[in-house]
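A.B. asks: just the structure for this:
(one chain, ligands or ions: 2)
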Amino acid sequence: MSKRIYHFHEGQVALKPLLGGKGANLAEMTGLGLPIPPGFTITTAACLAYEEAGQILPLGLMEEVQQALFLLEQRKQLKLGDRHNPLLVSVRSGAVASMPGMMDTILNLGLNDETVEGLAILTQDERFAYDCYRRFLHMFSTVVLYIPTVLFEDMVHLMKQERGFVEDHDVTADGWKEVCQSFKQAILERTGDSFPQQVEQQLQMAIEAVFRSWHNPRAQVFRRTYGIPDAQGTAVNIQAMVFGNWGEDSGTGVLFTRNPSTGEKMIYGEYLANAQGEDVVAGVRTPLSISHLDAEMPYIYEQLVDTALKLEQHYKDMQDIEFTVEQGQLYLLQTREGKRTAQAAVKIAVDLVREGVISPEEAVERMEPMHMDQLLHRSIRHGEALTVLAQGLPASPGAASGQVVFDADTAVQWKSEGRSVLLVSTETTPDDIHGVIAAAGVLTSRGGMTSHAAVVARGMGKPCVCGCATLVIDAQSGTLRLGNVTVREGEALTIDGATGQVILGTVELQEPQVTAELAELLRMADSIRELQVYANADTPEDAAKAREFGAQGIGLCRTEHMFMSPERLPVVQAMILAESDVERAAALRRILPMQQADFEGIFAAMDGLPVTIRLLDPPLHEFLPSLYDLKDQLHQVEAGLSTGIERERLTHVLRKVESLHETNPMLGLRGCRLGLLFPDIYDMQIEAVFLAARASIHRGVAVLPDIMVPLVGHVNELSRLRKRIDECAERVLGVERLLCPYRVGTMIEVPRAALTAGEIAQHAEFFSFGTNDLTQMTFGYSRDDAEGKFLAQYLETGILPVNPFQVLDQDGVGQLIELAAARGKAMNANLKTGICGEHGGDSKSIAFCHAIGLDYVSCSPYRIPNARIAAAQAVLQHRKQHMQASLSQQAERMSKRKVEAI
Ligand code: PEP
Ligand code: MG
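C.D. replies: Ligands and ions are numbered 1, 2, ... in the order given. Next up is the predicted model:
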């Protein structure tokens, strides 16, 4: 049977899948000789066995725990449950991936009515002993017995009121004794059983509760958000307690080796004197800056900083360290890679390269896709007049405006109605995770920079202001007060997570910029990656933005967006409603210069880089009012509310809309089918491209237009349209054709096009996989219907592992892409291939594109930094796999030789 329990001195970091992050790091730190209270870890495998058996502890596990405990008792010279020398332990969860606060922990286990007296005598401090006991009773009741925490908080509150205590540290031994009695009575009333005085029973119940907490709702939401597999389970760490609440020369805190908000190299942290760790993490008391520890106990501070920096060097990354000082002695309880904002992640990685701690490859490898997505935060537009109502702690950068909401469920509800919401709370707890996900930002009145709200918001890249002391929430009346201003739930506030300001109303925000560190990191990625990164951009402004973010071309310019502006739409509608060819030609002649100007703007912005222009794709009725609106308007006209001319016009439009109506527009007259049936529309667009190219060349701009035909399903569609494009180029450019090396290609969006890619490639210079449509057509889902009706349920029940419109379905859609690219290249060795659906900005999909040898990915401008990083990560991942494969081949060859030698 495999080993299920590891003492800290036996473990090592390589065993992380079994020991969890916390257990592995405690073992590693113990090995480094750091001051770690002794303990042991029950493996994640034991947790999985517990789950598999229907939540029954594996046979013999508790006996093994008893043996491990025996060793721990010998080392501490204390004994669990001993009335004279009681050992107290913490029972903590610890998954492989960091899931701060998502699963459960129990402190001070081992106390009962007898051992609490023993602890009082041993420590000569009755107040301290009963403070520990009430904490244990409270935690045990909520975590193991599932009694609501508020019941216990109310009892403490009541006792404090009756006895005239203000703060927890004012409470006397008698006060805590009274609370312990009320807690035990509440347990009896709520569960029908007394609080278990048997310490072995306490321990078993606690271990089981921690195992079960792997499946609690907040942990599940967290895993889904961060893509952590359900099948990992949690380890359980059992460790001798040290007491931060043992008088004024004791305390507890959290320290980061760099600023987790900005990445700046500095000691950053918080400290609470005479408190236990949970007080800091839960945000129950607002802690003081770590500099207070320096002032109060400089020798401890020095030792702490020295150790922290050693740990950073050892792990080669910024560390988040939990520590406790017990009567003037320092203990470390945990170290882990610190959660950080996206900005901090970039700065820390680049600084570590500059400091020679890690290589550029390691820096690039470390970037999380989620961070890259969040990197470019919005900020308040410079010069905006602001009504600043309050100042809190700048816990997570970025600015957000939203309607105030006081609870997580309402936040989710309002978000689903399309509202932007700001979650405002005294403090958040792990149970609020769904509300934090739904909110544009989080504001709390209590808790410090390491409180739950701050840590979670930073992890998600959401703006957060916490510890805003002047914020008073009255949830009953649905209002909050900031000074003398009252804001009702549903009214707007803005927070600036970079400065900590809380501002009245909605504020205009500005888009983010690329910092010097990000530019450096992206350059590192560029020197590694093989895929090119293009942008989906429809306007000169978007093109310029894309270029600023490092786009190497435009992979998709959707021309229909150019038809939608209020001044153009009437002309486009006139073209669609035209009764004769002459009428339509006149309307198209009016549109042509507008299109030409658009293309000239984009060519200028992309000077010297390829610009892929897609000919019109959507069905024509998308440019006309809906049937429903038209009927309604006609109804009003008939009721005598408008003129006869209006009635004639509306009837005409209605007839046209009816004639264009389709049962299934996604599969109807769109893409190249439209271009073949109404050739003059495509002719106008093609002419506009070449006229713009010629004018740009005359201005000294280097143009590389790629004309892209959408939705081809049969080779004849492309061959006919290609002929028209070449003829138009000849007509418009004449000899200047030589100065304008244009290409013609097609989107591959229909499964038939993928299957017949060999034929199609004979008429194309490039393929661009339109993975939005290709996903729709391969699955047979219309995206709007799927996302509106059944996709959420498919994802929840695990029928689909991920949304295939966000992450490319490699098994199905990916297979078609791979096959089409291979068949296309076999027929046309110079064929350029890439993707331009939404997947072009998604890291996993980008890795797939690299693996199958595409030439480029194209995505929206703001996703370009992520795409550049993801493309480099794909190379690094590939290299690693290659290396592993050749190492195992080598090992195989060696063992073969050995066998032969024998
Ligand atoms: C696609 O189908 O992937 C694509 C890019 O085209 P659109 O989203 O405009 O249909
Ligand atoms: Mg498409």
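A.B. asks: quick one: residues contacting L509.
C.D. replies: Counting by C-beta atoms under 8 Å, 6 or more residues apart in numbering, L509 makes contact with R378, S379, I380, R381, A399, A400, S401. C-beta coordinates here come from the backbone N, C-alpha and C atoms, glycine included.
A.B. asks: which residues of the protein score low on pLDDT?
C.D. replies: Within the chain, the set of residues satisfying pLDDT under 70 comprises 1, 278-285, 373-374, 382, 449-450, 459, 461, 641-644, 902.
A.B. asks: which single one of the contacts of L509 is nearest to ligand 1?
C.D. replies: Taking C-beta to the nearest ligand atom as the measure, ligand 1 sits nearest to R378 out of the contacts of L509, at 25.2 Å.
A.B. asks: distance check, the residue nearest to the closest one when sequence neighbours are not counted against ligand 1.
C.D. replies: Closest residue to R378 apart from its sequence neighbours, by C-beta to C-beta, 6 or more residues apart in numbering: L509 at 4.2 Å. Counting by C-beta to the nearest ligand atom, to the nearest Å, the separation of L509 from ligand 1 is 27 Å.
A.B. asks: which residues does L509 bridge with?
C.D. replies: Going by DSSP bridges, L509 is paired in beta bridges with I380.
A.B. asks: that's a helix at T41, yeah?
C.D. replies: No: using DSSP: H, G, I helix; E, B strand; the rest coil, the secondary structure at T41 is strand, not a helix.
A.B. asks: OK, contacts around it?
C.D. replies: So T41 contacts 5-6, 8, 11, 19-20, 23, 26-27, 94, 235-238 (C-beta under 8 Å, 6+ apart).
A.B. asks: let's see that with 6 Å instead.
C.D. replies: Y6, L19, G23, A235, N237 (C-beta atoms under 6 Å, 6 or more residues apart in numbering).
A.B. asks: out of those residues, list just those in strands.
C.D. replies: Among the contacts of T41, the members found in strands (DSSP state E) are Y6, A235, N237.
A.B. asks: which member of the residues you listed is positioned nearest ligand 1?
C.D. replies: A235 (43.3 Å).
A.B. asks: who is the closest one paired with across the strands?
C.D. replies: In beta-bridge terms (that is, DSSP bridges), A235 pairs with G94.
A.B. asks: quick check: it vs Q276, distance?
C.D. replies: Between A235 and Q276 the computed distance is 22 Å (C-beta to C-beta, to the nearest Å).
A.B. asks: so for those two, which sits in the more crowded spot?
C.D. replies: A235 (30 against 24; other C-beta atoms under 10 Å).
A.B. asks: give me the distance between that one and A24.
C.D. replies: Separation of A235 from A24 (C-beta to C-beta): 9 Å.
A.B. asks: got it, and A349?
C.D. replies: Distance from A349 to A24, counting by C-beta to C-beta: 22 Å.
A.B. asks: returning to what we had before: give me the buried subset of the contacts of T41.
C.D. replies: For the contacts of T41, a burial check counting by 16 or more other C-beta atoms under 10 Å picks out Y6, L19, G23, A235, N237.
A.B. asks: what's the closest of these to R258?
C.D. replies: Within those, the smallest distance to R258 is 24.7 Å, found for G23 (C-beta to C-beta).
A.B. asks: which residue is the nearest non-sequential neighbour of that closest one?
C.D. replies: Distances taken as C-beta to C-beta, 6+ apart put T41 closest to G23, at 3.6 Å, once the chain neighbours are dropped.
A.B. asks: beta partners for that neighbour?
C.D. replies: In beta-bridge terms (that is, DSSP bridges), T41 pairs with Y6, N237.
A.B. asks: quick one: it from Q201, how far?
C.D. replies: According to C-beta to C-beta, T41 stands 21 Å off from Q201.
A.B. asks: can I get stretch 863-876 in PDB? Just the C-alpha atoms.
C.D. replies: The C-alpha coordinates for stretch 863-876 follow below in PDB (Å, rounded to 0.1, in the frame of the first residue of the first chain):
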ATOM      1  CA  ARG A 863      -5.800  40.200 -26.800                       C
ATOM      2  CA  ILE A 864      -2.600  40.600 -28.900                       C
ATOM      3  CA  PRO A 865      -0.200  40.800 -25.900                       C
ATOM      4  CA  ASN A 866      -1.600  37.500 -24.600                       C
ATOM      5  CA  ALA A 867      -1.400  35.900 -28.100                       C
ATOM      6  CA  ARG A 868       2.300  36.900 -28.300                       C
ATOM      7  CA  ILE A 869       3.000  35.300 -24.900                       C
ATOM      8  CA  ALA A 870       0.900  32.200 -25.600                       C
ATOM      9  CA  ALA A 871       2.600  31.700 -29.000                       C
ATOM     10  CA  ALA A 872       6.000  31.700 -27.200                       C
ATOM     11  CA  GLN A 873       4.700  29.500 -24.400                       C
ATOM     12  CA  ALA A 874       3.600  27.000 -27.100                       C
ATOM     13  CA  VAL A 875       7.200  26.800 -28.400                       C
ATOM     14  CA  LEU A 876       8.600  26.300 -24.900                       C
END
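A.B. asks: how far does that stretch sit from its chain's centre?
C.D. replies: Averaging C-alpha positions (C-alpha atoms, centre = their mean, to the nearest Å) puts stretch 863-876 16 Å from its chain's average.
A.B. asks: quick one: the helices in the stretch 401-550 of the chain?
C.D. replies: If DSSP state H, counting those that start in this stretch is used as the criterion, the helices of the stretch 401-550 of the chain fall at 408-416, 433-438, 452-460, 516-526, 540-548.
A.B. asks: most packed of these?
C.D. replies: helix 452-460 (a mean of 25; mean count of other C-beta atoms under 10 Å).
A.B. asks: what about that helix, distance to the chain center?
C.D. replies: Averaged over its C-alpha atoms, helix 452-460 has a centre that lies 11 Å from its chain's centre (C-alpha atoms, centre = their mean).
A.B. asks: cool, stretch 66-84 as well?
C.D. replies: Worked out by C-alpha atoms, centre = their mean, stretch 66-84 lies 43 Å from the chain centre.
A.B. asks: now swap in stretch 319-331 and tell me
C.D. replies: 31 Å.
A.B. asks: touching it from outside, list them.
C.D. replies: 35, 37, 242-244, 246, 249-257, 300, 303-304, 308, 311-312, 332-336, 338.
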